[in-house]
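**Student:** Quick one, fold the following:
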Amino acid sequence: MKLNQLYTAESHESGAEVQILDISGNKTPLKIKVRGVESKTVRKFKKKRLNAYIEAKQKEQEFDEDEFIIEGLLEATIGWVGTDEKFSTELCRELYTEAPHVAEQVDDFIAEKRNFTKAKRKKS
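**Tutor:** So this is what the prediction gives:
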């Protein structure tokens, strides 16, 4: 076995598409491409936000946890297909804020590490 067979950071950084469901659980044409939790980008963001959280708590300042979650999702989001609207961070923030069920789907997808690895064929 080669150690690089265990590497996942690159596939998480490249991203994968989440098939978005409507509030009733039906597929929509929208697919959002996101990075996984093991990507360098997401890990770097999590460290930065953790430091901000610790600092806020030490100074006894308010820390908006909902905003923390949205910011993390935005950092992980690469783009989308299935809509006439061009991807932008601002429009994505609006989507995640105004459609919490979409943000929840994206968050759940990002957390599932196997969504970012490709199964290898078994040799016969």
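**Student:** the bottom helix or strand of this structure by mean pLDDT?
**Tutor:** Within the chain, no helix or strand scores below helix 40-58, which has a mean of 84 by mean pLDDT, DSSP states H and E.
**Student:** counting contacts, what elements does the following helix or strand past that helix pack onto?
**Tutor:** Later in the chain than helix 40-58, the nearest helix or strand by DSSP states H and E is helix 65-76. Counting contacts by 3 or more C-beta pairs under 8 Å, 6 or more residues apart in numbering; DSSP states H and E, helix 65-76 packs against helix 40-58, helix 89-98, helix 100-111. Heads up, the C-betas are built off the backbone N, CA and C, glycines and all.
**Student:** Just the CA coordinates for the first one, please, in CSV.
**Tutor:** In other words, helix 40-58. Output of helix 40-58 as CSV, limited to C-alpha atoms (Å, rounded to 0.1, in the frame of the first residue of the first chain):
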residue,chain,number,x,y,z
LYS,A,40,-7.2,23.0,3.1
THR,A,41,-9.5,26.0,2.5
VAL,A,42,-12.2,24.8,4.9
ARG,A,43,-9.7,23.8,7.6
LYS,A,44,-8.0,27.2,7.4
PHE,A,45,-11.3,29.0,7.7
LYS,A,46,-12.4,26.8,10.7
LYS,A,47,-9.1,27.7,12.5
LYS,A,48,-9.7,31.4,11.8
ARG,A,49,-13.3,31.4,13.0
LEU,A,50,-12.4,29.3,16.1
ASN,A,51,-9.9,32.0,17.1
ALA,A,52,-12.5,34.7,16.6
TYR,A,53,-15.0,32.7,18.7
ILE,A,54,-12.4,32.3,21.5
GLU,A,55,-11.5,35.9,21.4
ALA,A,56,-15.2,37.0,21.5
LYS,A,57,-15.8,34.8,24.5
GLN,A,58,-12.7,36.0,26.3
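**Student:** what's that helix packed up against?
**Tutor:** helix 9-14, helix 65-76.
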